[in-house]
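In: Just the structure for this:
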Amino acid sequence: MTPTLIGRWQSRIFLLATIGVLFSLPFALKNGLQQVEWIYFWVLFYIGLFGLVWDVIYNYLQKFFWDHDWPSVLQFLAAIVEGVFLALVINLIGLPNIPQKQFSLPIYIFHYSVVWFAFYCASWVVMRLLFPRARFRGGAWIGRWSRSS
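Out: Next up, the predicted model:
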C-alpha cells in the first residue's frame, strides 16, 4: 500500500490520539493524579502538528522512489529527524505551553522513543487488524468510497 497524504494524516492523528496518549499517561501521571504534567501531551500535540507538514514532504519525496513507497528504514530515519527537529525548536525557540526551564532532553528522548516505538508497532499491526481495507484506499480509514468490488 502506498499511503496518500490524507491516509498519512488520518493515521498520524488517530495513532497519536490513541496510542500516543496511552503511552504518554505514565509520564504525565508519574506523581499521581494530583499533579498531571501536561507537557507530555503538548509534546504529542506538536509532534502531530509538525507531522502534518512532514507528511507533505514525505508524500512528495516518495514519488521519487521506483515503487512510490516509503520503506520502513526511512520511517525510522524520519522519526529521528522529527524528534531532533522538535527538540531543537523547543530548546532554541520555545513553543507555547512547553516551558524551556521544564524541558528535560533525556526525558524527552525517552518519552519520544517510547511513543514512537508504540506508534510504529501499532501502525504495522493494530491498524492493519482494525482497518484491513484501508490499504486499498491509500491508508485512509475515514471517508466515502465507491461500492465497486
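
In: For this structure, which segments are assigned as helices?
Out: 5-15, 21-28, 39-61, 72-88, 105-121, 127-130 (DSSP state H).

In: Just name the most buried of these.
Out: Per residue and on average, the most neighbours among the helices of the chain fall to helix 5-15, with a mean of 19 (mean count of other Cβ atoms under 10 Å). Bear in mind the C-beta positions are built from the backbone N, C-alpha and C, glycine included.

In: what pLDDT does T4 get?
Out: T4 is assigned a pLDDT of 77 by the prediction.

In: In this structure it contacts Q62, no?
Out: No. Judged on Cβ atoms under 8 Å, T4 makes no contact with Q62 at a distance of 10.3 Å.

In: before we move on, back to that, output the helices of the chain in JSON lines, with distance to I98 appended to each entry.
Out: Shown next, in JSON lines, are the helices of the chain (distance: least, Cβ to Cβ, whole Å):
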{"stretch": "helix 5-15", "distance to I98": "20"}
{"stretch": "helix 21-28", "distance to I98": "13"}
{"stretch": "helix 39-61", "distance to I98": "5"}
{"stretch": "helix 72-88", "distance to I98": "10"}
{"stretch": "helix 105-121", "distance to I98": "10"}
{"stretch": "helix 127-130", "distance to I98": "28"}
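
In: Cheers, nothing more for now.
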